[in-house]
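> Could you work out the structure for the sequence below:
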Amino acid sequence: MAQILKKLLISTSIAAGMGFAISAPASAASLTNASVDNGSSDYILYCLNGGQTTSDGCTDLDTVLGSDAGNIELDGDSETPGGWGDAVSVTGEISGQSITVSSLTAADWLADVDGQELGLTWITDAVTALAAQNPVLGAILGSDASVIAGAASDLWDYLKADSDAFTALFSRMSDPNVSFVEEEGGNINIGLIGHFNAFDIPGYEDLLINGLADALDVPTALVGALLAEVDLSFQASELVKVIYNGETQYKYSFSATDTGVTEASDGVSHSGEYIVTLEGAGIEPPAKTPEPSLMLGLAGLAGLYASKRKLQK
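Below is the predicted model of the structure:
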């Protein structure tokens, strides 16, 4: 037993000398000095209260952005008739650099992003995700990328030609509910709170029916009758405009996790959390350098090895 303890103590002292340790993962850097830009009052703060989020008595932006299910809805009037107008944004600092997260305007959807209008890019991604999440729609649209691209293009043309439909859809996708902004491991993650199932949004299914009917050139009633027999589900976040390090990006996601809470007034909002990422946008973690104790430990091992070699000669 004494020999075992002696070996254990020697092994432990060598490991300590070589700097072996279990370290906790680096903590995420959160948004600091956050404020709503230009003194805008067109936003809504939501705080978590039991199993629901509520705007009642919710007044502190820092508390909202630091909680699990609290959030700030940017451009809170966008979904009301005539309410979709100027962008509303929050600016703060992340790892010492300024970052702005913003709602979208109608002009953003028409903006050229990598050679294509943002609206068409988003609709193409949305139709692809919609087909993947709903087998019946997937069977209608097929898996051919060119067919999906064609359907998306037709739907985009339909929306641009119908200003009411354009506003009805895109105003609802332009007022993100931001729950957090964090930098970790060189990436910036932004939490967006929304619907776990976008078809819980009033009028969303009607937009899909009208758009599909137009894209497929079939009667609206036929599409409506077919979809009436289907339990549609669609995970889709609202979009957020991010300005960081001199670059503007539009971020969105089609993958949600269930928050387990809902918004108090309607019982369905805030049920899904989406996380979007600016990859490689944050401060890169410093390169790991050997600890001095590790270098001393390695030098000691080298010395022991050299002595052993001399004794063997």
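
> got the contact list for Arg172?
78-79, 201, 204, 238 (CB atoms under 8 Å, 6 or more residues apart in numbering). In this view, the C-beta of every residue, glycine as well, is placed from N, C-alpha and C.

> Can you tell me which of the residues you listed is nearest Gly246?
Glu238 (24.3 Å; CB to CB).

> so that closest one sits right up against Gly194, yeah?
Yes - using CB atoms under 8 Å, Glu238 is in contact with Gly194, at 5.6 Å.

> Next one: the residue nearest to Leu222 when sequence neighbours are not counted from Val36, what distance?
Nearest residue to Leu222, sequence neighbours excluded (CB to CB, 6 or more residues apart in numbering): Ala213, at 7.4 Å. Ala213 is 41 Å from Val36, where distance means CB to CB, to the nearest Å.

> Show me the domain layout of the protein.
31-105+176-195+236-282, 109-173+198-232 (automatic domain parsing).

> Just say which of these is most tucked in.
domain 31-105+176-195+236-282 (a mean of 18; mean count of other CB atoms under 10 Å).

> quick one: contacts of stretch 183-192?
Contacts for stretch 183-192 (CB under 8 Å, 6+ apart): 26-29, 71, 94-95, 99, 101, 176-182, 237-238, 240, 242, 244, 251, 253, 273-285.

> what helices or strands is the strand or helix carrying Ala151 leaning on?
Using DSSP states H and E, Ala151 falls within helix 145-161. In terms of contacts (3 or more CB pairs under 8 Å, 6 or more residues apart in numbering; DSSP states H and E), helix 145-161 is packed against helix 118-133, helix 135-141, helix 163-170, helix 204-216.

> hmm, 10 Å instead?
Judged by 3 or more CB pairs under 10 Å, 6 or more residues apart in numbering; DSSP states H and E, helix 145-161 is in contact with helix 106-110, helix 118-133, helix 135-141, helix 163-170, helix 204-216.

> who's in contact with the third one?
When contacts are taken as CB atoms under 10 Å, 6 or more residues apart in numbering, the neighbours of helix 135-141 outside the stretch itself are 127-128, 130-132, 134, 147-148, 150-152, 208, 212, 215-216, 223, 226-227, 229-232, 234.

> about what we covered before: so which of the contacts of stretch 183-192 are in strands?
In strands, judged by DSSP state E, the following of those are found: 29, 71, 94, 99, 101, 177-182, 240, 242, 244, 251, 273-278.

> For the helix holding Ala151, give me every contacting residue.
By CB under 10 Å, 6+ apart, helix 145-161 touches 109-110, 117, 119-128, 130-131, 138, 140-142, 144, 165-170, 207-208, 210-217.

> dump the residue contacts of Asp206.
Counted by CB under 10 Å, 6+ apart, Asp206 has contacts 165, 168, 220, 224.

> What's opposite Ile190 in the beta bridge?
Following DSSP bridges, Ile190 is listed with bridge partners Val181, Val276.

> Going forward, the N-terminal residue is numbered 113.
From this message on, residue numbering opens at 113, which makes the last subject Ile302.

> how close does it get to Leu328?
35 Å.

> do Ser345 as well
Taking CB to CB, one finds Ser345 at 21 Å from Leu328.

> do the same with Thr236
16 Å.

> same deal with Thr374?
34 Å.

> now swap in Gly372 and tell me
Counting by CB to CB, the gap from Gly372 to Leu328 is 38 Å.

> can you check Gly336 too?
13 Å.

> same deal with Ser255?
Where Leu328 is concerned, Ser255 sits at a distance of 16 Å (CB to CB).

> quick revisit: with mean pLDDT as added columns, please give the helices and strands packed on helix 257-273 in a markdown table.
Converted to a markdown table, these look like this (pLDDT from 0 to 100):
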| stretch | mean pLDDT |
| --- | --- |
| helix 218-222 | 96 |
| helix 230-245 | 94 |
| helix 247-253 | 81 |
| helix 275-282 | 89 |
| helix 316-328 | 78 |
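
> where does the chain have low pLDDT?
Filtered on pLDDT under 70, the chain yields the residue ranges 113-139, 179-181, 193-194, 394-425.

> run the last query once more with 50
113-138, 397-425 (pLDDT under 50).

> is it true that the residue nearest to Leu334 touches Ala337?
No - when contacts are counted by CB atoms under 10 Å, Ala325 is not listed as touching Ala337 (11.0 Å).
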